[in-house]
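[1] Dropping the sequence and predicted coords here.
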Amino acid sequence: MKKLSIRPKSKTPIWLIEPPFEFEQPFAPEKTCVAYDIEVYKNYFCCVVIGPKNQPTVYTLDQNIQMCLELSRKNLVMIGFNNLNYDDFIMKYIFMETRHQMSRNLRTEFGDGDLHERLYNLSKAIITMSNDRPQWYWDLWRMEIPWGFSMDIFKVPKPVMGLKERACERHTNSIEETPISFDAPVKKEDIPGINKYCINDVGETIREWNAGIGHVHLRQKLQELYPTSNVITSHDAGICEEIITQEYLKATGLEKKYIKNNIARPGKKINISECLPPWMAFESPLLKKNALRLHSISGRFSTDEDRNALNHVIDFNKDQVLLDRSLFEDDEEGVPLNKTIKNWSEGDGFAVKIAAGGLHSLDYPAVIEPAENELLFEIDVASFYPGLIRAMGLKPDHLSEHFNDILNKITEMRLKAKAEKDKLAADGLKIVINSAFGKTGNKYSILFDERMQLQVTLGGQISLLMLLEQLIKKNIKVVSANTDGIVVLIPKSKKFMVDIIRKRWEKATGQVLEETQYKKYIRRDVNNYLVVKANGDTKEKGIFKVARPEKQIRKRRNKAEILSECLRAYFIDGIDPAEYVMGCSDLRKFIYSFHVGMNWSLFQKVMVEGKVVEKPILKASRWYTSNAMDKDKGGYKPFRDVGDIYKRGPMTVKQIAEYKRAHKTDTHPTNWIKDIRVENGTNAAIINTLPYEFPEDMDFVHYIIAVKKMIKEVEG
């Protein structure tokens, strides 16, 4: 075991050092980007705008005319967070009021009274609005914005995670919430705090903008390639929808409403025999019989009941197909309940689990390194789903062959861009190509087609099964399989056999296989693994995934960064977990964070004068695990500022039904509200504002035990 010297605590708290705050201006000089945010209370309104000089301007309703004049410039790009669905609508209403252009529907809905009150009611209506939009909404939606255009950084590249949740992920110095409830009347002394809160949110918006500036440049490039499409303000999937729609309308001369009217509604009956690839061919009686079983299945696969009919496990070791539905029932954490799958071990041999959405092997924990005379490598299908669409000539039923022509042309453009080293164009066109399949499952998309979606997923599964069958037939040891790739461990003398099988498979399916050599493969299961490639690069997923918040954000199940970093250090460099944890002086690595959505809240149970008290905390909160304890006759109790974190919210329909059935009652002691202790929320010390000093009560033992538990799950 390698030793890692204890790193001294940094004199300068690196978690408080932020990069120079600059507002990226990708549209200069013809456009000027400004970031803005709006807060609406019962009797107070403020709009904070920050421009290229990073100086905030705070507008209230007393300055609404000045605000409208200064923002009515066509060279302005207004950047917000979820502004396309909220802030822009509030601003449009104010512009309508200032210009005396209020529509009849808006006047009927919100009246002619105090503007503060009307904006407050409008704000509540927007936030609580259902999918059935009222007419006044469309009046606001149709109004042309007086500035150049709006960009919603929430959508770039994908609409995931709220602003506060992202701030936790990026380790922003301070996580702030509104100083008073939006429903409470604002007093004069509250105004500075509200303005400060709004300014902080605009600052966070600019940080998100700067972090995602590469995606903005990519959209600029696509806008150049497709000038008649509006992709500059779209998320990744929206880019695909916009470009393919506009190109299809141009090619056919049709109107969009005509195409929409011909899209089949969800729930049409589908015969699986129509979804299997034309090249499907198996040799083993087991897979032949399974193919016949699939041929006989039909249903409306928009329902879980019918989709579950496709679920099965192919056990290559025992030469059997498992159809027991309990194999696929998940608990709340998404873990299969049936021990047959959950406790799959090396002795059970190789098996794959197949469902409507994909295929993956039942992987047991392992650490695999090839011997001197062995090769460990992955063969995966290049651009799998788009390639299947082209190879099978698939298209949505309501579209003509122009769809295939458009997709082929975009693919050719991307290959040309790659050859010419035009990375922006290549990456942008890749988004269009890869998103096309996902759109076939979106009932609001022009590409929606449930049968085509199944044709692609089942085509992929069948194709990969064909490859697996041939490898296993030649006694090639398959280590893992997942969606579009297979990992094998073989003697070097068998490499030629794999190459022959690959070429035959590529010829049969029209797909291309790529090969990546591995030096080491560590896994807990199929979705939690760490790979060290032959060139030294790594690939990781799940518990091994190291956060890089300065580059990208992702939803993590409140896992501290130190845990995944420590796992990598242990399995790659052989560093002892205790040495690594004790040697880390960066507070950010020890932080857990959690966020709850609408109808849920977070609270902390703390000790106050010997009694357990519930203390509300922010809906997006962060903390570290503390060892500060207060000893009394009942044992060790947390201090006032340290306690366990819980989330509180409504029970699900399934949970309510189970409770009623078990207790034979239609009432509940807490009115169908439940409390759940948050994972890793025990003995938590809240630090929504990062401290200057590294906490003396940091519970290093907690983190060391957590890492060792994860290591044991892998090594056994």
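    Perfect, thanks for sending it.
[2] Poorly predicted segments of the stretch 601-716 of the chain, please.
    Where the stretch 601-716 of the chain drops to pLDDT under 70, the residues are 629-640.
[3] if we go to 80?
    Where the stretch 601-716 of the chain drops to pLDDT under 80, the residues are 608-610, 629-640, 716.
[4] Repeat that for the chain.
    Looking at the chain by pLDDT under 80, you get 1-12, 14-22, 28-29, 304, 324-348, 547-558, 608-610, 629-640, 716.
[5] quick one, longest helix in it?
    helix 450-473 (DSSP state H).
[6] Walking through the stretch 51-200 of the chain, point out its helices one by one.
    Using DSSP state H, counting those that start in this stretch, the helices of the stretch 51-200 of the chain run over residues 64-71, 87-98, 104-110, 115-127, 135-142, 163-169, 191-211.
[7] In JSON lines: those, plus mean neighbour count.
    Where you see a C-beta, it was placed from the backbone N, CA and C, and this is true even at glycine. Output for the helices of the stretch 51-200 of the chain, formatted as JSON lines (neighbours: other CB atoms under 10 Å):
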{"stretch": "helix 64-71", "mean neighbour count": "16"}
{"stretch": "helix 87-98", "mean neighbour count": "20"}
{"stretch": "helix 104-110", "mean neighbour count": "15"}
{"stretch": "helix 115-127", "mean neighbour count": "17"}
{"stretch": "helix 135-142", "mean neighbour count": "15"}
{"stretch": "helix 163-169", "mean neighbour count": "23"}
{"stretch": "helix 191-211", "mean neighbour count": "19"}
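[8] Output those as CSV; include the columns distance to Ala534.
    Output for those, formatted as CSV (distance: least, CB to CB, whole Å):
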stretch, distance to Ala534
helix 64-71, 55
helix 87-98, 50
helix 104-110, 64
helix 115-127, 52
helix 135-142, 54
helix 163-169, 32
helix 191-211, 32
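[9] Domain ranges for this structure, per the record?
    Using automatic domain parsing, the domain parsing of the chain gives 32-211, 271-383+454-544, 592-686.
[10] how long is the second one from one end to the other?
    Read it as domain 271-383+454-544. Domain 271-383+454-544 has an end-to-end distance of 40 Å (CA to CA, to the nearest Å).
[11] ok now it, how far from the chain's centre?
    On the basis of CA atoms, centre = their mean, to the nearest Å, domain 271-383+454-544 sits 24 Å off its chain's mean C-alpha point.
[12] how far away is the closest residue to Lys221 other than its chain neighbours from Pro26?
    Nearest non-adjacent residue to Lys221, counting by CB to CB, 6 or more residues apart in numbering: Leu424, 4.1 Å away. Counting by CB to CB, to the nearest Å, the gap from Leu424 to Pro26 is 12 Å.
[13] More neighbours: which of those two?
    Leu424 (17 against 14; other CB atoms under 10 Å).
[14] Ends of stretch 40-59, what's the gap?
    Its start and end residues considered, stretch 40-59 measures 12 Å (CA to CA).
[15] buried set for it?
    Residues 40-42, 44-51, 56-59 are the ones in stretch 40-59 that count as buried (16 or more other CB atoms under 10 Å).
[16] Among these, which pair sits farthest apart?
    Between any two of the buried residues of stretch 40-59, the greatest separation by CB to CB is 29.4 Å, found for Lys42 and Gly51.
[17] Which positions within stretch 29-42 qualify as buried?
    Across stretch 29-42, burial judged by 16+ other CB under 10 Å covers Thr32, Cys33, Val34, Ala35, Tyr36, Asp37, Ile38, Glu39, Val40, Tyr41, Lys42.
[18] so the first one touches Ile50, yeah?
    This points to Thr32. No: contact criterion CB atoms under 8 Å: Thr32 and Ile50 do not qualify, at 11.8 Å.
[19] Could you say which helix or strand holds Lys605?
    Per DSSP states H and E, Lys605 falls inside strand 601-608.
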